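1. only the shape, not the letters, is given here:
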């Protein structure tokens, strides 16, 4: 029995309310050996209380030693094995700008690039054109049509755009056209298997590229495109199917709304900041069982390498904990989709400090008096894999039946 | 995606240098309840410093409760699942005396034994003849030839020898001839499947045994042989293929050179002791990314049941740590392929104290102030499987890309 079937067979509905607060890139590293991490430096009286009263541990979103991207990191938190449920770059890009994909869609990530008169790439990113310039370029190609397929092109950021073909009999098993270097021409899209659908889709893709070339050949600096990461919506079983949880996503950034959408959560639209998210949590409290509450800026400041700013972002989140507790949740989870230590300025493989607060079902935790990496190492939850989190959460929410008689 | 494919897709080259110091049979047990283990008894100021500054944990080379042989233990450290990548006894024996095998070879482990006039075994080990006597006996049979196959016989130790058939169309799926008791005749080699190659190889093996019988029937005490562990070189993907690491093995004993050779490491020849190994490490520093540095005598003294002597061997290794650090490695790993507690006089299943020292990417570890079983239990790495070690090592060496977008 796989994990999905196991959870399907065990989970049951009840009246409990669960809040999963994901502080993106939460885990960190000390600035100097023996010093505190970002989380350990932050003044977090409310998170410390939750760690003291609840259960703390360290979570490996994908596995030991693996640095997760946002997609795999969140899938792990949601209970989907990120190694088995790989989401293609094209889908992530589309989902990241809020596009909803169906099982008739094939998506690719596009780059605008610069080619010389002979068609050889001289700049793979067209001088990193601005998002505004990207939107203007998309305006020149979004009208391109091909028989039997509905085409969507949307600007993403800088030189990147999302491309979606919608139709029947399409396949994503296609090669990428980016030669990954300058001084070479863009490659043709080649089918990666022998299926009829695959050669059909490759033909469509090559025709589309031809038409794009004609449409923008006189533009500057972007006068050509490359396509990568052909993929389909992964068709994941829904959160409600697996866990019997009606789930709402309270996220500001499109990427995280998109990821929540892939697992069937309801996306609450129009949220711009923590205050919006809190208000929305209150307004929707009676309508859902599970709330995915995403905070982006802990990761952003980590990526910037700004230790002190990341500390401040953590402190901002700490201040909203009392407002969440006022709603009388049964389970509060605080975690991250990966670590983003400011000293590394990037996602890392270090396990993420995690707590599950669930009054009435917690073991005594005397070695944990605050929420931080070192205390979590001594916590009752130990070190565990991301995919185990939702098993623990549904258990602490008393939403699981006994396994076997 | 399996672990090899995952690592292949994530690892990347950089300039970092990694030293993996394997103290064979490192883990131990206290002499009396509550007392220190061998490692905890040893004065190891340099290893203690690495544990304090780095990350400590306990490694299960194969899995919980499994006592690994040298082959599986090392395969785990190298990132190869020892359950899936089983190396046959014949191959291990050949590799252990420095023979290089190809995919046209079938290897077996041979024992000289004593039979009476009716061919019944009276001593399965021929009175445990000396290695010298074994070599003399091999001299009597190494000239035996068979059509279409190249035959190699080499003495190993005491009554044991290695036998290799090289040719096309050979199969290792053969039964063993040792009846595992005295008072019975050696068994015939029987094919274990229906393949043509298998019955062909069984015929060859039986012909070879007949010729051996004739050649040594008048010798004493060894006048017959038994054959076990038919196997082929496992054809493992190389270390460089999986991890993109150019690796050198600095080992004194043939077995460990052989194991390193099976995963494609370069074997530095002619090393007789720690000083040789250190000198070779310095000389080869610029030519490789990864150094497997093996020390045998911690295991030997554990097998002897000599607690104090094992402590002294650990202290000898501690003294070379400063010399290793002078080379400015980016990552130093100290571990063992299994535990060999002196009180058990054998390999054991107890997890192995392990540290990863990697300046700049380590979490604070206040509960670990020295390198030993008890401190490692509180360490940041927790308890983990042998196959995860290389994932962690390549992560700490910054040689892994982010998984997914």
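-> Sure thing, it's come through. As the structure is a prediction and not an experimental result, all values here were calculated from the model. Residues are numbered from 1 along each chain as shown, chains lettered A, B, ... in the order given.
2. element containing the residue in the stretch 151-300 of chain A that chain B sits nearest to?
-> In the stretch 151-300 of chain A, the residue that lies nearest chain B is residue A:229 (8.1 Å; CB to the nearest CB). For every residue, glycine as well, the C-beta is placed using N, CA and C. Element membership for residue A:229, per DSSP states H and E: strand A:224-231.
3. can you pull the contacts of the residue of chain A found nearest chain B?
-> Here chain A gets closest to chain B at one residue, residue A:65, 3.2 Å apart by CB to the nearest CB. If you count contacts by CB atoms under 8 Å, 6 or more residues apart in numbering or on different chains, residue A:65 has them with A:349, B:388, B:391, B:392, B:393, B:394, B:395, B:396, B:400.
4. need the residues you listed in a markdown table (columns: pLDDT and secondary structure).
-> Below are those laid out as a markdown table (pLDDT from 0 to 100; DSSP: H, G, I helix; E, B strand; the rest coil):
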| residue | pLDDT | secondary structure |
| --- | --- | --- |
| A:349 | 98 | coil |
| B:388 | 98 | helix |
| B:391 | 98 | helix |
| B:392 | 98 | helix |
| B:393 | 98 | helix |
| B:394 | 98 | helix |
| B:395 | 98 | helix |
| B:396 | 98 | helix |
| B:400 | 97 | strand |
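5. with distance to residue B:24 as extra columns, can I get those in CSV?
-> Below are the contacts of residue A:65 laid out as CSV (distance: CB to CB, whole Å):
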residue, distance to residue B:24
A:349, 28
B:388, 20
B:391, 23
B:392, 21
B:393, 19
B:394, 23
B:395, 25
B:396, 23
B:400, 28
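6. closest to residue B:295 among the residues you listed?
-> Closest approach between the contacts of residue A:65 and residue B:295, by CB to CB: residue B:393, at 18.3 Å.
7. please tell me how far that closest one sits from chain A.
-> Shown here: residue B:393 relative to chain A, a distance of 8 Å by CB to the nearest CB, to the nearest Å.
8. isn't residue A:47 up against residue A:357?
-> No. Residue A:47 lies out of contact with residue A:357 (CB atoms under 8 Å); the separation is 9.6 Å.
9. shared neighbours, those two?
-> residue A:334.
10. now for the nearest residue to residue A:96 once chain neighbours are set aside: which residues touch it?
-> Sequence neighbours aside, residue A:255 is the residue nearest to residue A:96 in space, at 4.0 Å (criterion: CB to CB, 6 or more residues apart in numbering or on different chains). The neighbours of residue A:255, taking CB under 8 Å, 6+ apart as the test, are A:70, A:92, A:95, A:96.
11. mark which of those residues are part of helices, please.
-> Those of the contacts of residue A:255 mapping onto helices are A:70, A:92, A:95, A:96, per DSSP state H.
12. count the residues that sit near the second one.
-> Neighbour count of residue A:92, defined by other CB atoms under 10 Å in any protein chain shown: 24.
13. which stretches of chain A form helices?
-> Using DSSP H, the helices assigned to chain A run over residues A:3-10, A:38-41, A:45-53, A:70-77, A:89-96, A:131-141, A:196-216, A:239-243, A:254-262, A:274-284, A:297-304, A:307-325, A:373-377, A:389-396.
14. quick one: list the elements packing against the lowest-mean-pLDDT helix or strand in chain A.
-> None of the helices or strands of chain A scores lower by mean pLDDT, DSSP states H and E than helix A:89-96, at a mean of 88. Other helices and strands packing on helix A:89-96, by 3 or more CB pairs under 8 Å, 6 or more residues apart in numbering or on different chains; DSSP states H and E, are strand A:105-115, strand A:150-157, strand A:160-166, strand A:224-231, helix A:254-262.
15. could you check the angle that helix makes with strand A:224-231?
-> Helix A:89-96 and strand A:224-231 are oriented at 90 degrees to each other (axes from the mean of the first three to the mean of the last three CA atoms, to 10 degrees).
16. who in the stretch 301-405 of chain A is up against chain B?
-> Residues of the stretch 301-405 of chain A lying close to chain B (CB under 8 Å from any CB of the partner chain) are A:341, A:343-344, A:346-350, A:373-374, A:377-378, A:382-383.
17. revised request: answer the last question for the stretch 1-150 of chain A.
-> Applying CB under 8 Å from any CB, we find that the stretch 1-150 of chain A lies next to chain B at A:29-30, A:33-37, A:40, A:58, A:62-72, A:82-84, A:86-87, A:89, A:92-93.
18. list buried residues within these.
-> Among the residues of the stretch 1-150 of chain A next to chain B, the ones that count as buried by 16 or more other CB atoms under 10 Å in any protein chain shown are A:29-30, A:36-37, A:40, A:58, A:62-72, A:82-83, A:86-87, A:89, A:92-93.
19. residues near residue A:374, how many?
-> Per other CB under 10 Å, the neighbour tally for residue A:374 reads 21.
20. tell me who's in contact with it.
-> With contacts defined as CB under 8 Å, 6+ apart, residue A:374 is in contact with A:40, B:363, B:364, B:365, B:366, B:367.
21. now, which of those sits nearest residue B:194?
-> So of the contacts of residue A:374, ranked by how close each gets to residue B:194 (CB to CB), first place is residue B:363, at 56.3 Å.
22. name the nearest residue to that closest one, ignoring sequence neighbours.
-> Leaving out its chain neighbours, the residue that sits closest to residue B:363 by CB to CB, 6+ apart is residue B:380, at 5.0 Å.
23. residues in contact with that neighbour?
-> Taking CB under 8 Å, 6+ apart, we find residue B:380 in contact with A:377, B:55, B:56, B:57, B:362, B:363, B:365, B:368.
24. could those residues go into TSV alongside neighbour count and pLDDT?
-> Below are the contacts of residue B:380 laid out as TSV (neighbours: other CB atoms under 10 Å in any protein chain shown; pLDDT from 0 to 100):
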residue	neighbour count	pLDDT
A:377	26	96
B:55	24	96
B:56	27	97
B:57	27	98
B:362	20	93
B:363	24	91
B:365	24	87
B:368	25	96
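25. how about a markdown table for the ones in helices among the contacts of residue A:255, with distance to residue A:225 added?
-> Shown next, in a markdown table, are the ones in helices among the contacts of residue A:255 (distance: CB to CB, whole Å):
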| residue | distance to residue A:225 |
| --- | --- |
| A:70 | 25 |
| A:92 | 18 |
| A:95 | 20 |
| A:96 | 18 |
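26. ok, back up a step: considering the contacts of residue A:65, which possesses the most neighbours?
-> The most crowded member of the contacts of residue A:65, judged by other CB under 10 Å, is residue B:396 (28 neighbours).
27. state whether residue A:160 and residue A:133 are indeed in contact, as I suppose.
-> No. Taking contacts as CB under 8 Å, residue A:160 lies outside contact range of residue A:133: 11.9 Å.
28. in stretch A:269-284, what counts as buried?
-> Using 16+ other CB under 10 Å as the test for burial, stretch A:269-284 gives A:271, A:274, A:277, A:278, A:280, A:281.
29. before we move on, back to that, per-residue confidence averaged over the strand holding residue A:229?
-> In this model, strand A:224-231 has an average pLDDT of 96.
30. name every strand pairing with it and say which way it goes.
-> Strand pairing for strand A:224-231, determined by DSSP bridges: strand A:105-115 (antiparallel).
31. gap between the strand it pairs with and the chain center?
-> Remark: strand A:105-115 is offset 21 Å from the chain centroid, using CA atoms, centre = their mean, to the nearest Å.
32. by how many degrees do it and helix A:131-141 diverge?
-> Going by the same axes, to 10 degrees, strand A:105-115 makes 110 degrees with helix A:131-141.
33. ok, how many other residues are close to the residue nearest to residue A:35 when sequence neighbours are not counted?
-> Leaving aside its sequence neighbours, residue A:35 sits nearest to residue B:364 (CB to CB, 6+ apart; 6.7 Å). Per other CB under 10 Å, the neighbour tally for residue B:364 reads 20.
34. now swap in residue A:5 and tell me
-> For residue A:5, the neighbour count with other CB under 10 Å is 11.
35. try the one 5 residues further on
-> Other residues lying near residue A:10 total 18 when counted by other CB under 10 Å.
36. need the contact list for it.
-> Contacts of residue A:10 by CB under 8 Å, 6+ apart are A:394, A:400, A:401, A:403.
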